[in-house]
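fold the stuff below for me.
(5 chains)
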Amino acid sequence: MFLGRVVGQVWATRKSADLEGKRLLLVRPLESYEEGDPVGPVVAVDPVGADVGERVVVAFGKAARVACGGDGDFAFEAAIVGIVDDVDATGAPADWSEVG
Amino acid sequence: MFLGRVVGQVWATRKSADLEGKRLLLVRPLESYEEGDPVGPVVAVDPVGADVGERVVVAFGKAARVACGGDGDFAFEAAIVGIVDDVDATGAPADWSEVG
Amino acid sequence: MFLGRVVGQVWATRKSADLEGKRLLLVRPLESYEEGDPVGPVVAVDPVGADVGERVVVAFGKAARVACGGDGDFAFEAAIVGIVDDVDATGAPADWSEVG
Amino acid sequence: MFLGRVVGQVWATRKSADLEGKRLLLVRPLESYEEGDPVGPVVAVDPVGADVGERVVVAFGKAARVACGGDGDFAFEAAIVGIVDDVDATGAPADWSEVG
Amino acid sequence: MFLGRVVGQVWATRKSADLEGKRLLLVRPLESYEEGDPVGPVVAVDPVGADVGERVVVAFGKAARVACGGDGDFAFEAAIVGIVDDVDATGAPADWSEVG
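Here you go, the predicted structure:
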């Protein structure tokens, strides 16, 4: 799982049936301790109800499908599993503490 | 899942039986917020019907197989699960908004 | 699995039910042999009981869920599976030997 | 799945029983559109019969095991699932078009 | 799977029960063709019996668990599945040929 921030949303009319009615959020990983190459945003479904700007925990694979209440047979593999209230990490970049 | 753009197609005569009759599209991840190292294109099957130039959401692993209507026992692990109509992400690179 | 150091903790009130009562630790991969791009921290559940500063082994996917005693159907995919007492790796960065 | 080129072979006498009798090919991902950091080669089994120099599509995880005709319980997780005849991708690096 | 070299070992007293009695080796991926960012070492269990300095093939996920003779329900996801006798890859870095 990684710590990210919701930066936007994606809309798709033509899509797998399993994505019908699901919000597709764009989640950008929080920056690393040191400067470095950026990691591209992830497209995640959102069973928790996050808003743009919020920090979230994203899970991949079967965990993402389990988080959506199914038996694991869904056509997606990334989901928000927690909305972050607080991060305590000494020396972390300031961005981590921005509530958004 | 990631947000990408269909940049081309691959043809293979000798291949796993599960790939028979399936279009193999090349999908290039949209660029990151900051400049950075490029990520190579992904080869994905396409149960949704995307065209070259379109922006798509790609899913990996079992999700890709579920998107193709099977029981998860296919010899591929990447599939287009949505064709993007619109992206709303403040500050995102211009490339994200190009409809293609 | 990777070798990392616990650098902090994340709190989330709104989250998947499977994360209730679980500590969400931030684990930063130990630096590579050569200098290089940083890898962002991972959010992992902790069935072993690690403290901030300790070196740990983190497992992903089903292994993480098995480590938590379940049948593999949990909404997370990273867990601490060992707390490191000692590392023996000739030429490794000094950071690897700091007990923390 | 990714697009790569077979660059060599690996021999191992002491190995998991599931690898007995299987060719272990080294597949190097084709270069990205822009220059960037190299991605290391992947070790893949080859149920399709590729030659060194050929361009191939490689699948990971369960897909790789399914491609080898099994029930998914093999001790490997990368396999060649297609030998590429042709790639059509506007603006792609010249390397992609070399038949090898 | 990737090609790496065993660079050391990790000891952990407090760990998941599935790791009891298992050697935890540190495996560093062999360098890429071109210079580039280093990839951190992987922590892998070793059902094959590799020594420090040897070149090995490492598998991830279920493949790693299958290599250890189980039903796939182990709390680890990386294992050595082969000890490399020889690598034949034209133009590969010299490091690949060092027997170690």
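
tell me, how many residues neighbour A:A67?
28 (other Cβ atoms under 10 Å in any protein chain shown). For glycine as for every other residue, the C-beta is placed from the backbone atoms N, C-alpha and C.

hmm, A:D46 and it touching each other?
No - taking Cβ atoms under 8 Å as the definition, A:A67 is not a contact partner of A:D46, at 9.6 Å.

which SSE is immediately downstream of the lengthiest strand in chain A?
Counting residues, the longest strand in chain A under DSSP state E turns out to be strand A:2-15. In the C-terminal direction, the helix or strand that comes right after strand A:2-15 (DSSP states H and E) is strand A:24-29.

state the mean pLDDT of that next one.
The pLDDT scores in strand A:24-29 average 94.

same thing with stretch A:56-69?
Mean predicted confidence for stretch A:56-69 is 96.

equivalent analysis for stretch A:82-100, please.
According to the model, stretch A:82-100 has a mean pLDDT of 86.

and it, which residues are buried?
Residues of stretch A:82-100 classed as buried by neighbour count (16 or more other Cβ atoms under 10 Å in any protein chain shown): A:82-84, A:87, A:89, A:92, A:96.

adding distance to chain C and secondary structure, write those residues out as JSON lines.
JSON lines is the format used below for the buried residues of stretch A:82-100 (distance: Cβ to the nearest Cβ, whole Å; DSSP: H, G, I helix; E, B strand; the rest coil):
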{"residue": "A:G82", "distance to chain C": "3", "secondary structure": "strand"}
{"residue": "A:I83", "distance to chain C": "4", "secondary structure": "strand"}
{"residue": "A:V84", "distance to chain C": "5", "secondary structure": "strand"}
{"residue": "A:V87", "distance to chain C": "5", "secondary structure": "strand"}
{"residue": "A:A89", "distance to chain C": "3", "secondary structure": "strand"}
{"residue": "A:A92", "distance to chain C": "7", "secondary structure": "coil"}
{"residue": "A:W96", "distance to chain C": "9", "secondary structure": "helix"}
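
A:D51 - nearest residue in space that isn't next to it in sequence?
Excluding the flanking residues, the one nearest A:D51 by Cβ to Cβ, 6 or more residues apart in numbering or on different chains is A:V6, at 6.7 Å.

can you get me a residue count around that neighbour?
A:V6 has 24 nearby residues by other Cβ under 10 Å.

got a pLDDT number for it?
Value for A:V6, per-residue pLDDT: 95.

can you tell me how far it sits from A:G53?
With distances taken as Cβ to Cβ, to the nearest Å, A:V6 is found 6 Å from A:G53.

equivalent analysis for A:W96, please.
For A:W96, the distance to A:G53 - Cβ to Cβ - is 14 Å.

ok, back up a step: overlap in contacts of A:A67 and A:D46?
A:79-80 (Cβ atoms under 8 Å, 6 or more residues apart in numbering or on different chains).

before we move on, back to that, Provide a list of residues in contact with the residue nearest to A:D51.
A:V6 neighbours (Cβ under 8 Å, 6+ apart): A:25-27, A:50-54, A:56, A:80, A:100.

filter those residues down to just the buried residues.
Members of those classed as buried by 16+ other Cβ under 10 Å are A:25-27, A:50, A:54, A:56, A:80.

for the residue of chain A found nearest chain B, the count of nearby residues, please.
Nearest residue of chain A to chain B, counting by Cβ to the nearest Cβ: A:G8, 2.8 Å away. Neighbours of A:G8 under the rule other Cβ under 10 Å: 21.

which residues does it bridge with?
Under DSSP bridges, the beta-bridge partners of A:G8 are A:L26, B:A89.

any idea how far it is from chain D?
24 Å (Cβ to the nearest Cβ, to the nearest Å).

which ones are touching that residue?
Contacts of A:G8 by Cβ under 8 Å, 6+ apart are A:25-26, A:41, A:52, B:87-90, B:92.

let's see that with 7 Å instead.
For A:G8, the contact set (Cβ atoms under 7 Å, 6 or more residues apart in numbering or on different chains) comprises A:26, A:52, B:87-90, B:92.

want to throw the residues you listed into JSON lines with distance to E:D73?
Output for the contacts of A:G8, formatted as JSON lines (distance: Cβ to Cβ, whole Å):
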{"residue": "A:L26", "distance to E:D73": "34"}
{"residue": "A:V52", "distance to E:D73": "39"}
{"residue": "B:V87", "distance to E:D73": "40"}
{"residue": "B:D88", "distance to E:D73": "42"}
{"residue": "B:A89", "distance to E:D73": "40"}
{"residue": "B:T90", "distance to E:D73": "44"}
{"residue": "B:A92", "distance to E:D73": "41"}
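
closest one to chain D out of those, please.
For the contacts of A:G8, the nearest to chain D is B:A92 (18.5 Å; Cβ to the nearest Cβ).

distance-wise, check the closest one relative to chain E.
Taking Cβ to the nearest Cβ, one finds B:A92 at 25 Å from chain E.

got phi/psi on that residue?
Main-chain dihedrals, B:A92, degrees, to the nearest 10: phi -70, psi 160.

then A:A67?
phi -60, psi -20.

again, but for the one 4 residues further on
Backbone geometry at A:D71, expressed as degrees, to the nearest 10, gives phi -100, psi 10.

give the helix, strand or coil label for the nearest residue to it once chain neighbours are set aside.
Among residues not flanking A:D71 along the chain, A:R65 sits closest, at 7.9 Å (Cβ to Cβ, 6+ apart). With DSSP: H, G, I helix; E, B strand; the rest coil as the basis, the three-state label of A:R65 is helix.

among the contacts of A:V6, which are in strands?
Per DSSP E, the subset of the contacts of A:V6 in strands is A:25-27, A:56, A:80.

strand C:55-60 and the helix or strand harbouring A:V58, what's the angle between them?
Element membership for A:V58, per DSSP H and E: strand A:55-60. In terms of direction (axes from the mean of the first three to the mean of the last three Cα atoms, to 10 degrees), strand A:55-60 departs from strand C:55-60 by 60 degrees.

so, in contact with chain C or not, strand A:55-60?
Yes - contact of strand A:55-60 with chain C (Cβ under 7 Å from any Cβ of the partner chain) involves A:57, A:59-60.

which strands and helices sit next to that strand?
Applying 3 or more Cβ pairs under 7 Å, 6 or more residues apart in numbering or on different chains; DSSP states H and E, one finds that strand A:55-60 contacts strand A:2-15, strand A:78-89.

now tabulate those in JSON lines and tack on distance to E:K15.
Conversion of the helices and strands packed on strand A:55-60 to JSON lines gives the following (distance: least, Cβ to Cβ, whole Å):
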{"stretch": "strand A:2-15", "distance to E:K15": "24"}
{"stretch": "strand A:78-89", "distance to E:K15": "24"}
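
isn't A:L24 up against A:P41?
No - contact criterion Cβ atoms under 7 Å: A:L24 and A:P41 do not qualify, at 11.2 Å.

more neighbours: which of these two?
More crowded of A:L24 and A:P41, by other Cβ under 10 Å: A:P41, with 27 against 24.
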